[in-house]
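>>> from the sequence below, what's the structure:
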Amino acid sequence: MALLAALAGLLCAVGAVESLAGWWLVRRFRGAPPAVPHARPGITVLRPLYGPEPLLEAALSSACAQDYPLFQVVFGVQDPADPARMVAEGVRARFAAQDVAVVVDDTAQGANRKVANLANMLPAARHDVLVIADSDVHAAPDYLARIAAALEQPGTGLATTLYTGRPADRSRAARLGASAITHGFLPGALLARALGRQDALGATLALRRGTLEAIGGFAALSEHLADDHLLGHKVRALGLGVRLATTVPATTVPESRLSALWRHELRWGRTIRALAPLAFAASAVQYPLAWALAALALSGGAAWAVGLAALAWAVRAAAARGIDRALGLASVGVLWLLPLRDLMSVAVLLASFAGSRVTWRGRTMRAESLETERARSEEHTSELQSRLHLV
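As a prediction, the model looks like this:
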C-alpha cells in the first residue's frame, strides 16, 4: 500500500507540472501578436443545427456580427419542425442586411446527421472558403479574419481553433463541463500541438472548397462519428497542414444535470479513446487532484499525503485562474469543484474503455479507430464513385 501511495503521489506531481505547463502555453498563445490576413477572400460559414439549445440565438448571432468585408452565413436543419429553425429564421430577420440563408433539407446521407446536414447545405454556399462551425460556437467579431489569416499561410489545408466552455447557467454540472473544456481540453490541445500533433478541433474547421473536393467531399465523412478527426487526417494525407487560428471562441455547455454531463463526456471519451487509446490512457496523469486523493486514501491519511493534496489543489486552482485571466474570462466559480472535476474526468476515462457505443443526436453509433474510420471512408467513397460511373 505504501508503494502504491508513493506511485500515486508521483503521478500527482507529474500532473501538477503538466497543469503549470498548460497554463504557460495558454499565456504564450494569447501573448502572440494577432494574425492579420493579407487577403480577405469571401467566406461562407456553415452552421448545422439540431434541436433547441440554451444560448442558441446568441451563438448564431455571433456568426452574423463579424467584422469582415465579404461573408455569408448558412444555417441548416433537416427537420422543418426543428425548433432551431425558428431561432435561425429570427436571427436572419435580425441581420437582414447580411447574407444569411436557412436551408431545410431532410435528405439522409449517411449515419452522421451533422455531416448529412452539411452536405445538404453546401449547394447554398457562395464562396470558396468554407468555415464549418458548431451551432453552439460564440465567435468574436474578428473570428473570420483570424481564420483567414491562418488559412492563407503556405502549406495550410485546414484551419481550426481552440475553444473555451461557456456554462449556460450557474448549475454545478454546467460549471464542471466548462472547466473540463477551458482548464482541461484547451491547455491539453496546446500541449499536444507543442509535441507535434496537428489535430483538427471540431468546433471550427475551415478549408477551401477545392480541398474538400480533393478529400472526397462530405460523402467521405458521412458514415463516421469522428468526422473532424477524419477530415484532419485526410487533409494531412494531401500533404497539407492543419493550422491553429489565433482566435478562441466559446462553446455552450448546456447540461444542468450531472447525468447529462456524464453522457456527453462519455461520448467524447469513447470517441477519443477509439482514435488514440494509448494517448488517451496516458492523459489520466493530467488530473493531479485525483491522484492526490488516491495517495491520501492509500497512505491512510499520512501527513505527507495531506500536504500533497493541498499543494495539488493550490496548483490546479492557480493554473485554472491563470488560464481564465490569460483568455479574458470571468471566473465561473469552479475552484472548489476541482477535486470533483478531476475525479469525474478519471471516471469518464475508465468508463470509456468499457464500451464503444455512444448516443449522439438521437442515434446510437460506434466509436471506431482512425484506421477503421479511414478504411470505411475509402470504401464508401469508392462505392459512390462506382455508382457515378454507372450513371
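>>> how about the strands in the stretch 1-150 of the chain?
With DSSP state E, counting those that start in this stretch as the criterion, the stretch 1-150 of the chain has strands at 43-48, 71-77, 99-104, 129-133, 137-138.
>>> the ones you listed: which one's closest to residue 176?
Nearest to residue 176 among the strands of the stretch 1-150 of the chain is strand 137-138 (19.2 Å), distances taken as Cβ to Cβ. Where you see a C-beta, it was placed from the backbone N, CA and C, and this is true even at glycine.
>>> adding mean pLDDT and mean neighbour count, write the strands of the stretch 1-150 of the chain out as JSON lines.
Listed next are the strands of the stretch 1-150 of the chain as JSON lines, based on pLDDT from 0 to 100; neighbours: other Cβ atoms under 10 Å:
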{"stretch": "strand 43-48", "mean pLDDT": "98", "mean neighbour count": "25"}
{"stretch": "strand 71-77", "mean pLDDT": "98", "mean neighbour count": "25"}
{"stretch": "strand 99-104", "mean pLDDT": "98", "mean neighbour count": "18"}
{"stretch": "strand 129-133", "mean pLDDT": "98", "mean neighbour count": "25"}
{"stretch": "strand 137-138", "mean pLDDT": "98", "mean neighbour count": "21"}
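>>> by contact count, what packs against the lengthiest helix in the chain?
The single longest helix within the chain, with elements called by DSSP state H, is helix 2-31. On a contact count with 3 or more Cβ pairs under 8 Å, 6 or more residues apart in numbering; DSSP states H and E, helix 2-31 meets helix 186-194, helix 288-298, helix 303-327.
>>> just the angle between it and helix 303-327, please?
Between helix 2-31 and helix 303-327, the angle comes out at 10 degrees (axes from the mean of the first three to the mean of the last three Cα atoms, to 10 degrees).
>>> pLDDT averaged over helix 2-31, what's the number?
Mean pLDDT, helix 2-31: 96.
>>> mind listing what's buried in it?
Buried residues in helix 2-31, defined by neighbour count with 16 or more other Cβ atoms under 10 Å: 5, 8-9, 11-13, 15-16, 18-26, 29-30.
>>> quick revisit: now for the strands of the stretch 1-150 of the chain, which one comes closest to residue 1?
strand 137-138 (47.4 Å).
>>> adjacent strands (with direction) for that closest one?
Using DSSP bridges, the strands paired with strand 137-138 are strand 250-253 (antiparallel).
>>> which residues are contacting the partner strand?
The contact list for strand 250-253 (Cβ atoms under 8 Å, 6 or more residues apart in numbering) reads 53-56, 59, 134, 136-138, 163-168, 174, 177-178, 181, 203, 261.
>>> where does the prediction get shaky in the stretch 251-391 of the chain?
Flagging of the stretch 251-391 of the chain using pLDDT under 70 yields the residue ranges 358-391.
>>> which residues sit in contact with residue 333?
If you count contacts by Cβ under 8 Å, 6+ apart, residue 333 has them with 170, 175.
>>> tally of neighbours for residue 93?
Neighbourhood size, residue 93 [other Cβ atoms under 10 Å]: 9.
>>> for residue 60, see how far away it is.
Distance of residue 93 to residue 60, computed by Cβ to Cβ, to the nearest Å: 12 Å.
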